[in-house]
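Visitor: Turn this into a structure:
(one chain, ligands or ions: 1)
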Amino acid sequence: MSDKIVPFRRPRPSQKHRGKTLCRRGFHKWVVEGTPFDVKSGRLVTRYRCARCGAVRTEAR
Ligand SMILES: [Zn+2]
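Guide: A predicted model of the protein is given here:
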């Protein structure tokens, strides 16, 4: 057994924080995921997903 404590290498926390801040302010990085047909409303909707936080949003066309 070893008592050595290996510190984690954190890969640029500043960049990560910047992205989260943008998301929290409502500036998500939306990426089009697909255009599923909404059966309930009978309309064609576009689905977006945020590349940073993974939030999902649908928009009617
Ligand atoms: Zn986001």
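
Visitor: And the strands in this protein?
Guide: 30-34, 37-38, 43-50, 56-60 (DSSP state E).

Visitor: among the ones you listed, which is nearest Arg24?
Guide: Among those, strand 43-50 comes nearest to Arg24, with 11.5 Å by CB to CB. Every C-beta, even on glycine, is put in place using the N, C-alpha and C of the backbone.

Visitor: Any chance you could give me that closest one in CSV, C-alpha atoms only?
Guide: Listed next in CSV are the C-alpha coordinates belonging to strand 43-50 (Å, rounded to 0.1, in the frame of the first residue of the first chain):
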residue,chain,number,x,y,z
ARG,A,43,-46.3,19.7,-36.4
LEU,A,44,-42.7,19.4,-37.5
VAL,A,45,-40.4,20.4,-34.7
THR,A,46,-36.7,21.0,-34.5
ARG,A,47,-34.8,19.6,-31.6
TYR,A,48,-31.7,21.3,-30.2
ARG,A,49,-29.2,20.2,-27.6
CYS,A,50,-26.7,22.3,-25.8
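
Visitor: so it versus strand 30-34, what angle?
Guide: Following axes from the mean of the first three to the mean of the last three CA atoms, to 10 degrees, one obtains 130 degrees for the angle between strand 43-50 and strand 30-34.

Visitor: And for strand 43-50, what's in contact with it?
Guide: 23, 28-38, 55-61 (CB atoms under 8 Å, 6 or more residues apart in numbering).

Visitor: go on, stretch 31-38?
Guide: By CB under 8 Å, 6+ apart, stretch 31-38 touches 43-51, 56, 58, 60-61.

Visitor: rerun that using 7 Å as the cut-off
Guide: Under the contact criterion CB atoms under 7 Å, 6 or more residues apart in numbering, stretch 31-38 has outside partners 44-49, 51.

Visitor: between the strands of the chain, which one is nearest to the ion?
Guide: The ion lies closest to strand 43-50 among these, at 3.2 Å (CB to the ion).

Visitor: Mind listing what's buried along the closest one?
Guide: Across strand 43-50, burial judged by 16 or more other CB atoms under 10 Å covers 47-50.

Visitor: Now for Trp30: which residues touch it?
Guide: Trp30 sits next to 48, 50, 57 when contact means CB under 7 Å, 6+ apart.
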